[in-house]
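Q: could you look at this predicted model? Sequence included:
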Amino acid sequence: MSTTTIRIPDELKARLSRIAEHEGTSTHGLIIEAIAEKADALEQRQSFYAEAEARYAKVLQTGLAVTWEDMREYLDARMAGKHPPRPVPKPISE
């Protein structure tokens with residue numbers, strides 16, 4: 001484990017201390033948990049964006065996409081407990 005020094009405003013440090021005490025943990029533990037949660041959230045967002053970019057590139061490459069109407073109908077059926085076939089991509093009209 002490595003050490004990193006950060007400067008925390010006094011008011012935030014006091015808030016963290018109160019929260020940590022209430023949660024039954026240390027301020028250090030609370031800070032580490034918060035940093036890990038933020039890193040997880042940012043990694044998940046970056047992964048989401050990367051997947052969206054890859055899918056968009058595929059749409060541009062193939063010229064095919066599922067219309068919102070077809071997808072909405074499919075999702076509505078799934079939410080109703082049905083098992084419809086997946087929508088078929090169609091050429092994008094310009």
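A: The structure has been received and is ready for your questions.
Q: tell me the buried residues in stretch 19-33?
A: 20, 27, 30, 31 (16 or more other C-beta atoms under 10 Å). (Glycine included, C-beta is placed from N, CA and C.)
Q: quick check: next helix or strand after the lengthiest helix in the chain?
A: As assigned by DSSP state H, the longest helix anywhere in the chain is helix 27-62. Counting by DSSP states H and E, the next helix or strand C-terminal to helix 27-62 is strand 64-65.
Q: check which helices and strands that following strand sits against.
A: Here strand 64-65 touches strand 90-91, going by 3 or more C-beta pairs under 8 Å, 6 or more residues apart in numbering; DSSP states H and E.
Q: that older thread, identify, from the buried residues of stretch 19-33, the entry nearest to residue 61.
A: Using C-beta to C-beta, residue 31 is the member of the buried residues of stretch 19-33 that lies nearest residue 61, at 44.8 Å.
Q: ok, now which ones touch the closest one?
A: Residue 31 makes contact with residue 16 under the criterion C-beta atoms under 8 Å, 6 or more residues apart in numbering.
Q: same deal with residue 91?
A: Contacts of residue 91 (C-beta under 8 Å, 6+ apart): 63, 64.
Q: where does this structure have low pLDDT?
A: Residues of the chain meeting the criterion pLDDT under 70: 94.
Q: can you list the domain ranges for it.
A: For the chain, automatic domain parsing gives the domain ranges 8-49, 63-94.
Q: and those domains as CSV, adding distance to residue 57?
A: Output for those, formatted as CSV (distance: least, C-beta to C-beta, whole Å):
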stretch, distance to residue 57
domain 8-49, 12
domain 63-94, 12
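Q: list the buried residues for stretch 78-87?
A: The neighbour-count check on stretch 78-87 (16+ other C-beta under 10 Å) flags residue 87 as buried.
Q: residue 10 versus the nearest residue to residue 23 once chain neighbours are set aside, what's the distance?
A: Leaving aside its sequence neighbours, residue 23 sits nearest to residue 30 (C-beta to C-beta, 6 or more residues apart in numbering; 6.8 Å). Going from residue 30 to residue 10 by C-beta to C-beta, to the nearest Å gives 16 Å.
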